[in-house]
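>>> Here's my sequence, what's the structure:
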Amino acid sequence: MARPCGAALQRHAAVAVLRAAAAAGDLSKGKALHARLITAAHFDVVLHNNLISFYAKCGRVGLARTVFDAMPFRNAVSANLLMSGYASSGRHKESLQLLRVVDFGMNEYVLSAAVSATANVRSYDMGRQCHGYAVKAGFAEQRYVFNAVLYMYCQCAHMEDASKVFESVSGFDAFAFNSMINGYLDRGQLDGSLGIVRNMTGEAEKWDYVSYVAVLGHCASMKDSVLGAQVHAQALKKRLELNVYVGSALVDMYGKCDHVHDANRAFEVLPEKNVVSWTAVMTAYTQNELYEDALQLFLDMEMEGVQPNEFTYAVALNSCAGLAALRTGNALGACVMKTGHWDHLLVSNALMNMYSKSGSIEDAHRVFISMPLRDVVSWNLIITGYAHHGLAREGMEAFHSMLSAAVIPSYVTFVGVLSACAQLGLVDEAFYYLNTMMKEVGITPGKEHYTCMVGLLCRVGRLDEAERFIVNNCIGTDVVAWRSLLNSCQVYKNYGLGHRVAEQILQLEPSDVGTYVLLSNMYAKANRWDGVVKVRKHMRERAVRKSPGVSWIHVGSDVHVFTSEEKVHPQMDQIAKKLEELIDQIKAIGYVPNFAVVLHDIDDERKEEHLMYHSEKLALAFGLIHTPKGATIHIMKNLRICDDCHVAIKLISVVTSRKIVVRDAVRFHCIEGGICSCNDYW
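Below is the predicted model:
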């Protein structure tokens with residue numbers, strides 16, 4: 001009788017040692033005990049199960065599987081422990097393969113682990129089989145199994161099946177509600193998530209922190225700041241705004257609802273800030289075009305010792321794209337390489353976007369060809385990048401390569417393609433893409449596509465047809481399309497149609513500054529100063545003011561901003577002297593000031609001085625003074641570049657042998673050797 005009692009005590013002691021070793025992560029102590037147990041031959045299913053648990057918790061799931069395979073007898077606990085180990089290691093397929101060697105009874109815990117594994121590998125068919133087994137075995141209403149099945153259907157994008165399971169729930173179950181909201185949000189089915197949220201609001205006292213994250217995610221997707229603020233107030237009562245996950249969700253919600261200051265306040269109160277919360281507030285600033293603030297947050301995060309992840313780098317690079325900050329973007333690109341985040345598709349796409357929007361399409365192409373994997377976003381970036389840089393043929397070649405790679409084009413793809421067609425004057429091809437190919441791939445044309453077609457018809461001089469196209473395709477309320485036609489009326493000197501189009505725009509948007517400016521330009525070019533006066537009178541009556549032309553240039557680590565006719569820059573004497581030299585040089589090769597651009601009835605001498613001090617010319621002169629000989633100069637402008645500056649900068653590129661890139665409100669002008677990528681049409 002003593003021996004069994006002694007064996008039981010030894011087993012009890014062994015179990016205690018294994019559990020302590022697992023808690024401490026002491027692999028060597030557990031392996032030593034395992035060896036002693038083998039030699040002592042004191043093995044039973046309890047010891048085997050504890051060994052499986054020990055190895056799994058120490059991250060050695062392979063050894064746990066070896067113990068499992070060597071067991072002469074297994075039970076459901078054995079399987080559940082090993083499956084949990086596989087799940088912790090992210091080896092969900094191996095967890096499912098374990099079901100093929102079933103020689104043990106399956107309980108609700110094993111079933112829930114199996115269903116969870118099918119959810120993680122998105123195996124809908126196997127998940128349904130597990131669900132069917134649960135129903136037959138009477139486990140379907142067990143809470144663990146029920147929640148796992150619901151989560152599986154949501155993860156596998158079968159929301160109809162998930163809804164049927166959800167409707168069978170009795171009472172409020174936070175996990176079930178959370179799964180349904182996230183399932184609908186992942187599919188973009190906001191009506192579905194709205195219905196779930198409505199059902200949840202009456203049970204707010206039972207929410208867990210995941211519920212708050214899910215509901216705030218719904219508010220962010222719906223841009224519903226009113227409900228979001230109410231949820232925030234509820235979270236304040238429970239002090240959950242201090243939870244890093246809830247706090248990050250609040251930051252994200254306020255950011256997407258364009259309440260960036262509220263997003264910042266939600267971020268500031270967090271006692272512990274992780275990379276998710278830092279990235280969320282950076283994203284809020286970037287989405288609201290506060291790019292410099294977003295980049296400052298990136299520096300602050302690093303100063304706090306928080307390491308950026310791939311999402312953080314993507315946000316920072318997109319902020320650089322918004323500023324066309326090539327120097328800063330290059331530095332971030334080097335960090336991405338050094339930290340090993342280069343291989344993330346999200347980061348590579350953001351790097352392409354940064355280079356493209358900073359005027360370096362060559363570097364964007366270099367990133368593109370170096371990518372081991374590309375998605376539709378990658379292809380869209382290179383196609384639209386080429387189009388924005390006036391490299392329409394390269395954009396079309398990229399589109400055909402995309403089709404050859406069997407990548408299905410998206411809505412954005414065809415915006416880039418039609419823009420390229422507009423630059424090349426490919427009318428028939430564009431109508432084929434619009435009316436045939438887009439239907440074949442299931443994309444309904446939108447106003448962006450129709451606006452591209454208007455631009456194409458305008459570019460080839462078919463202005464009356466462009467007007468009919470706007471009316472016939474129900475985009476008569478799209479100011480952008482009408483403004484494109486108005487600009488072309490100015491280019492082709494069709495002032496009669498231009499006046500009619502301007503009236504149409506001003507009926508839709510009485511305070512549209514661009515229309516007043518274009519209308520005033522047309523009067524000025526026709527020497528109709530009475531018309532200019534009339535336009536200005538209307539602008540005063542409606543309190544419409546033309547934004548001043550502003551250009552900026554990065555030199556070193558500083559940004560220098562210039563306003564048209566500004567003479568307060570500390571280096572203004574040098575800039576004026578340089579401009580006078582440049583104007584004299586380009587006059588010698590044919591430059592004639594375009595006085596029609598000056599919308600003032602003043603003498604020619606004053607008009608010429610007015611033209612010389614346009615913001616883009618000031619920025620260019622400053623750049624020529626402060627950049628090395630032969631370096632490319634990058635300039636940003638808030639408005640369209642004017643006719644006179646466009647001609648002048650083309651000629652300056654000749655006399656200085658410089659490549660000059662100007663990013664204005666519409667497109668890039670890559671100017672080299674007197675030739676611009678826009679082919680003198682913009």
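>>> Need the residues that contact stretch 166-183.
141, 143, 146-147, 150-151, 153-155, 157, 159, 162-163, 192-193, 196-197, 199-200, 203, 206-208, 210-211, 214-215, 217-218 (CB atoms under 8 Å, 6 or more residues apart in numbering). C-beta here means a position set from N, CA and C on the backbone, and glycine is covered the same way.
>>> hmm, I was thinking of stretch 566-578
Residues contacting stretch 566-578 (CB under 8 Å, 6+ apart): 560, 562, 613, 615, 618, 621, 622, 624, 625.
>>> Please indicate which of those residues has the highest neighbour count?
The most crowded member of those, judged by other CB atoms under 10 Å, is residue 618 (29 neighbours).
>>> which residues sit in contact with that residue?
Residue 618 sits in contact with 551, 562, 564, 566, 569, 575, 579, where contact means CB under 8 Å, 6+ apart.
>>> Let's have these in JSON lines, adding pLDDT, distance to residue 482 and secondary structure.
Shown next, in JSON lines, are the contacts of residue 618 (pLDDT from 0 to 100; distance: CB to CB, whole Å; DSSP: H, G, I helix; E, B strand; the rest coil):
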{"residue": "551", "pLDDT": "91", "distance to residue 482": "27", "secondary structure": "strand"}
{"residue": "562", "pLDDT": "92", "distance to residue 482": "31", "secondary structure": "strand"}
{"residue": "564", "pLDDT": "79", "distance to residue 482": "26", "secondary structure": "coil"}
{"residue": "566", "pLDDT": "70", "distance to residue 482": "33", "secondary structure": "coil"}
{"residue": "569", "pLDDT": "83", "distance to residue 482": "38", "secondary structure": "coil"}
{"residue": "575", "pLDDT": "93", "distance to residue 482": "38", "secondary structure": "helix"}
{"residue": "579", "pLDDT": "93", "distance to residue 482": "36", "secondary structure": "helix"}
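>>> Out of those residues, the closest to residue 516 would be?
Lowest distance from residue 516 to those (CB to CB) belongs to residue 564, with 17.0 Å.
>>> follow-up on the earlier one: export the contacts of stretch 566-578 as JSON lines, with columns for secondary structure and distance to residue 296.
Output for the contacts of stretch 566-578, formatted as JSON lines (DSSP: H, G, I helix; E, B strand; the rest coil; distance: CB to CB, whole Å):
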{"residue": "560", "secondary structure": "strand", "distance to residue 296": "19"}
{"residue": "562", "secondary structure": "strand", "distance to residue 296": "23"}
{"residue": "613", "secondary structure": "coil", "distance to residue 296": "32"}
{"residue": "615", "secondary structure": "helix", "distance to residue 296": "25"}
{"residue": "618", "secondary structure": "helix", "distance to residue 296": "27"}
{"residue": "621", "secondary structure": "helix", "distance to residue 296": "30"}
{"residue": "622", "secondary structure": "helix", "distance to residue 296": "25"}
{"residue": "624", "secondary structure": "helix", "distance to residue 296": "30"}
{"residue": "625", "secondary structure": "helix", "distance to residue 296": "28"}
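>>> from the residues you listed, which is closest to residue 116?
residue 560 (57.2 Å).
>>> Is it correct that the closest one is in contact with residue 553?
Yes - the criterion here is CB atoms under 8 Å, and residue 560 meets it with residue 553 at 5.5 Å.
>>> any common contacting residues for the two?
Residues touching both residue 560 and residue 553 (CB under 8 Å, 6+ apart) are 619, 622.
>>> Strands of the stretch 401-550 of the chain, residue ranges please.
Ranges of strands within the stretch 401-550 of the chain are 550-555, based on DSSP state E, counting those that start in this stretch.
>>> Could you do the chain as well?
All strands of the chain, identified by DSSP state E, fall at 550-555, 558-563, 633-637, 659-663, 668-672, 675-676.
>>> between the contacts of stretch 566-578, which is nearest residue 430?
Nearest to residue 430 among the contacts of stretch 566-578, with distances taken as CB to CB, is residue 615, at 34.7 Å.
>>> Please name the bridge partners of the nearest residue to the closest one once chain neighbours are set aside.
In space, and not counting its chain neighbours, residue 615 is closest to residue 551: 3.9 Å by CB to CB, 6 or more residues apart in numbering. Using DSSP bridges, the bridge partners assigned to residue 551 are residue 562, residue 637.
>>> Now do residue 551 against residue 477, distance only.
Here the criterion is CB to CB, to the nearest Å. By it, residue 551 lies 33 Å from residue 477.
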